[in-house]
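> Got a predicted model here, sequence first, then my questions.
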Amino acid sequence: PHVDLKVGLDSREALVPLAEAAVRRGRVVGVLVEFDAGMGRVGVVEPNSALELARLAESLDGVRFDGLMFYPGHIRVPASEQGPMLEALADRVARFVDCLSDAGLSPDTVSGGSSPTLWNSHTLPGLTEVRSGTCIYNDRDMVELDVAGTQDLAYTVLASVVSVAVPGQAVVDAGSKALAKEPFRSSGDGFGVLLDRPAIKVRALSEEHGILDLTDTDWEPRIGDRVRIVPNHVCVSVNLQDHLWGLNEDGLTRVSLEGRGR
C-alpha cells in the first residue's frame, strides 16, 4: 500500500484489465496515457484518443488518471542541434495537454525526456518529470551525441588481450556475451571503443571474443594486457552481467543486478 504505482498505456485493452486487477487487490493505480512524440513506436497519435482514455480512466474503479507520458526517442542528434526538433516536440506536447485541460482533465504529470535530450528537456513547457536512463552510466553513443564526456563514462567492460597473432588486430576475451552485439547508432562503426584509447574500436564480435582494430594506432598490446571497453549502448551490456563492481572513495563494491534477465 505504501507504493505509488503508475502505469503508462495507450489502449482500452490495457486499461480495463488493469483496473479490474487493481479492484481485486483493493488498490488504486495511477494511469499515464502515453502519446507518440514522433518515434512511431507506441502511444496514441491524436489528442482526442488520449482524451478518450483519460475519460475512461476517470470512470473506472481501481485506476486514477494522473497525466501523460511520452518518449522522444526520435531525437538523436547532438544537443546543440536539437533546437528545431524540440520546438516541434513542444508544440505536440502542448496540443495534448491543452486538449485534456480544455476538457477539465488537466494532467498533473507530464512525463517525458530521454538521455539524448537530457540537457534540453527543461526547455519543454509543461514537462513535470524527466525519465532518462542511459545517463546513469553513459556510453559511446552519449559521448558521440555530446551528452557526456569521457570523464562521465561510469561503465566499462574489463577485458584481457588473449591473442596478437594476426597483424593489425588484437583479440580480447570479451565478446557479444559481455558487450552485446548492437551496432553503433551514431556516426561510425564497431561495437565499442577503448576508454583510454577511443580511436581503437572493437571491429568485430563473436560470442567469447572481441577484435580490436589496430590499423590506425602505434599501440602494440601484449598478451595479458587489460583494457577497459566502452560499449556502444550500455543498457544491453549491463543486462548481460550478473554482478557489477562499483568503485568509489571507499573502494570496490560488488553490486548484484536484481533485474537481470527480467
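The structure has been received and is ready for your questions.

> CA atoms for contacts and neighbours, from now on please.
OK.

> is it true that R95 lies in a helix?
Yes. Looking at R95 with DSSP: H, G, I helix; E, B strand; the rest coil, it is inside a helix.

> For it, give me its contacts.
The neighbourhood of R95, defined by C-alpha atoms under 8 Å, 6 or more residues apart in numbering, consists of P47.

> pLDDT score for it?
As predicted, R95 sits at a pLDDT of 98.

> again, but for R185
Confidence score, pLDDT, at R185: 81.

> Go ahead and confirm it touches V143.
No. R185 is not in contact with V143 according to C-alpha atoms under 8 Å; the separation is 11.9 Å.

> quick one: which of the two has more around it?
The neighbour comparison of R185 against V143 (other C-alpha atoms under 10 Å) goes to V143, with 19 against 13.

> Which of the three states applies to the more buried one?
With three-state DSSP as the basis, V143 sits in helix.

> A19 versus that one, what's the distance?
Taken as C-alpha to C-alpha, to the nearest Å, the spacing of V143 relative to A19 amounts to 42 Å.

> again with F70
Going from F70 to A19 by C-alpha to C-alpha gives 21 Å.

> Kindly report the same for V110.
21 Å.

> can you check Q169 too?
57 Å.

> same thing with E58?
Noted for E58: a distance of 11 Å to A19, by C-alpha to C-alpha.

> neighbour count winner among those two?
Comparing E58 with A19 by other C-alpha under 10 Å, the one with more neighbours is A19, at 22 against 16.

> Does the more buried one touch D61 like I think?
Yes. Using C-alpha under 8 Å, A19 is in contact with D61, at 6.3 Å.

> shared neighbours of the two, anything?
V28.

> quick one: low-confidence ranges for the stretch 151-262 of the chain?
261-262 (pLDDT under 70).

> got the domain boundaries for this protein?
The chain breaks down into these domains under automatic domain parsing: 6-132, 140-256.

> Need the distance between the two termini of the shortest one.
It stands for domain 140-256. End-to-end span of domain 140-256 (C-alpha to C-alpha): 24 Å.

> How far off centre is it?
Counting by C-alpha atoms, centre = their mean, to the nearest Å, domain 140-256 is centred 19 Å from the centre of its parent chain.

> cool, stretch 124-132 as well?
In this view, stretch 124-132 has its centroid 15 Å away from the chain centroid, taken as C-alpha atoms, centre = their mean.

> who touches that stretch?
Taking C-alpha under 8 Å, 6+ apart as the rule, stretch 124-132 contacts 86, 89-90, 94, 109-115, 118, 121.

> pLDDT averaged over it - what is it?
94.

> Flag every buried residue along it.
124, 126-127, 130 (16 or more other C-alpha atoms under 10 Å).

> Taking those residues, tell me the two that lie furthest apart.
Within the buried residues of stretch 124-132, G126 and V130 form the most distant pair, 11.3 Å apart (C-alpha to C-alpha).

> Report the secondary structure element holding the residue of the chain most remote from its centre.
Going by C-alpha atoms, centre = their mean, the residue of the chain most distant from its centre is A165, 37.7 Å out. Counting by DSSP states H and E, there is no helix or strand that carries A165.

> How far does stretch 244-262 sit from its chain's centre?
On C-alpha atoms, centre = their mean, the centre of stretch 244-262 falls 19 Å from that of its chain.

> Next: stretch 125-141.
Its chain's C-alpha centre and that of stretch 125-141 lie 7 Å apart, by C-alpha atoms, centre = their mean.

> let's number from 48 now, not from 1
With 48 as the first residue, the last one maps to stretch 172-188.

> Send me stretch 244-264 as CSV with only the CA atoms.
Taking Å, rounded to 0.1, in the frame of the first residue of the first chain, the C-alpha atoms of stretch 244-264 are listed here in CSV:
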residue,chain,number,x,y,z
ARG,A,244,42.4,4.9,-26.5
PRO,A,245,39.0,5.9,-28.0
ALA,A,246,40.4,5.7,-31.6
ILE,A,247,40.7,2.0,-31.2
LYS,A,248,37.4,0.3,-32.0
VAL,A,249,36.1,-3.2,-31.3
ARG,A,250,35.8,-4.1,-35.0
ALA,A,251,34.0,-7.4,-34.6
LEU,A,252,32.5,-9.7,-32.0
SER,A,253,31.9,-13.4,-31.6
GLU,A,254,30.4,-14.9,-28.5
GLU,A,255,33.6,-15.1,-26.5
HIS,A,256,36.0,-12.7,-28.3
GLY,A,257,36.3,-9.2,-29.4
ILE,A,258,38.6,-8.0,-32.2
LEU,A,259,40.4,-4.6,-31.7
ASP,A,260,41.3,-2.8,-34.8
LEU,A,261,44.9,-1.6,-34.5
THR,A,262,45.1,-0.2,-38.1
ASP,A,263,45.4,3.5,-37.1
THR,A,264,47.5,3.2,-33.9
